[in-house]
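J.: please find the sequence and the predicted model below.
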Amino acid sequence: MNIQKLAQPLSVALCVATLSACTTYSSYAAKSILTDSKGMTYYTFDKDTKGSGASACYGSCAATWPPASASASKGNGYSAITRKDGSKQLTFNGSPVYYFAGDSKAGEQKGDGIGSVWHIVKTTVKSPVSSPSTSYGYSY
């Protein structure tokens, strides 16, 4: 699964002139969109019950919102449910994952917000530096 960054890392430096000290705080400023290996956007459906192990999207719904097929690899929030037809559908953090038939190329997000019940799958990207570091110009 791929993550498309919506924001670049943000670094802020606070310097104390009298001590020649500089403290740097680093963090990411936004969430990221999850896609498949081809860059096609993943969506969730508000009518699905998170963690229930079931999808609420079948028939004409599934024709417009095809279920994302689950691969053998799981973990990092990914798992799978078994649909009524026996196929495996990918889940992320307990919610079934879908594609939108109206997205025809990588990176498109035309399905986001449709009917106020379809949403792109987002995840927070954590900064590699979670606490401030201070340097006084000395080598340790």
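T.: Structure's in. What do you need?
J.: now do the helices in this structure.
T.: Secondary structure of the chain by DSSP state H: the helices cover 60-64.
J.: what segments of it are strands?
T.: Ranges of strands in the chain, per DSSP state E, are 2-5, 9-16, 21-28, 31-35, 43-45, 78-82, 88-92, 95-96, 118-120, 122-124, 133-135.
J.: what's the average pLDDT for the shortest one?
T.: Yep, that's strand 95-96 we're talking about. Mean pLDDT, strand 95-96: 96.
J.: which pLDDT value goes with the closest residue to residue 70 other than its chain neighbours?
T.: Excluding its sequence neighbours, the residue lying closest to residue 70 (C-beta to C-beta, 6 or more residues apart in numbering) is residue 80, at 3.5 Å. (Each C-beta comes from the backbone N, C-alpha and C, glycine too.) With respect to pLDDT, residue 80 has a value of 94.
J.: try residue 48
T.: Listed pLDDT for residue 48 reads 98.
J.: quick one: it and residue 116, what's the gap?
T.: Distance from residue 48 to residue 116, counting by C-beta to C-beta, to the nearest Å: 15 Å.
J.: quick one: which of these two has more around it?
T.: residue 48 (20 against 7; other C-beta atoms under 10 Å).
J.: check contacts around the closest residue to residue 47 other than its chain neighbours.
T.: Spatial nearest neighbour of residue 47, excluding adjacent residues (C-beta to C-beta, 6+ apart): residue 56 at 4.3 Å. The contact partners of residue 56, by C-beta atoms under 8 Å, 6 or more residues apart in numbering, come to 45, 47-49.
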